[in-house]
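K.L.:
Coordinates only, no sequence provided:
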């Protein structure tokens, strides 16, 4: 009887079923552009480029209440556009570097925002949520685990040193409040 149960657990039977699952949904700027552009991009984890984008309610840092219902509506819109049920797909959300400082007030604000997002997603029966820093995701997308990521956003530019998948805060993370908007104006 033991040999029959072992044969049922073959490599192909286990991993063949996993290969049929499309993967997680990745949402870039899921923290809704508190530092940025007013929209978020989304796609399946197996693709290298976003397949869609959605306007956000926090355009240019305008945080409105009630946060929970707006977060839930935004995530629901993304799942609808991806044409999947929320209960079947895990999600990966990116954390902008402006939400990754180490001061106590930054940690508290980040925790409060993460809690609101996780509450909205788990109340929608999303099976799993993973929040990862944008700079680390950019390196992973380039198939690297160490490097210096320079991100020129709409309102700010960030320079993030990363070693073995960890942000090197002690070396220095720089966030400059000059982004593509000012740079474009300067170059005209």
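P.N.:
Thanks, I have the structure now. Here the structure is a predicted model, which means the values were calculated and not measured. Residues are numbered from 1 along each chain as shown.

K.L.:
Residue 84 reaches residue 42, doesn't it?
P.N.:
No: with contact defined as CB atoms under 8 Å, residue 84 does not reach residue 42; the gap is 11.3 Å. Any C-beta I mention is one placed from the backbone N, CA and C, and that applies to glycine too.

K.L.:
so where is this structure shaky, pLDDT-wise?
P.N.:
Residues of the chain that meet the criterion pLDDT under 70 lie in 1-22, 29-38, 55-66, 98-102.

K.L.:
The same query, at a cut-off of 80, please.
P.N.:
For the chain, the stretches flagged by pLDDT under 80 are 1-22, 29-40, 47-50, 53-68, 70, 95-103, 105-107, 109-114, 154-155.

K.L.:
where's the nearest residue to residue 117 once chain neighbours are set aside relative to residue 94, distance?
P.N.:
Spatial nearest neighbour of residue 117, excluding adjacent residues (CB to CB, 6 or more residues apart in numbering): residue 71 at 5.9 Å. According to CB to CB, to the nearest Å, residue 71 stands 15 Å off from residue 94.

K.L.:
pretty sure residue 160 is touching residue 149, no?
P.N.:
Yes: assessed by CB under 8 Å, residue 160 is found in contact with residue 149 at 4.6 Å.

K.L.:
got a list of what residue 122 touches?
P.N.:
Residue 122 is in contact with residue 129, counting by CB atoms under 8 Å, 6 or more residues apart in numbering.

K.L.:
which SS class is it?
P.N.:
For residue 122, the assignment made with DSSP: H, G, I helix; E, B strand; the rest coil gives helix.

K.L.:
Enumerate the positions of stretch 117-134 that are buried.
P.N.:
By neighbour count with 16 or more other CB atoms under 10 Å, stretch 117-134 contains the buried residues 117, 120, 121, 124, 126, 129, 131, 133, 134.

K.L.:
Now that we have the residues you listed, can you turn them into a markdown table and tack on distance to residue 80?
P.N.:
Listed next are those as a markdown table, based on distance: CB to CB, whole Å:
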| residue | distance to residue 80 |
| --- | --- |
| 117 | 18 |
| 120 | 15 |
| 121 | 15 |
| 124 | 11 |
| 126 | 14 |
| 129 | 18 |
| 131 | 22 |
| 133 | 27 |
| 134 | 24 |
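
K.L.:
Tell me how many other residues crowd the residue nearest to residue 117.
P.N.:
Residue 71: 25 surrounding residues under other CB atoms under 10 Å.

K.L.:
from what I can see, it looks like it's in a helix, true?
P.N.:
Yes: using three-state DSSP, the assignment for residue 71 is a helix.
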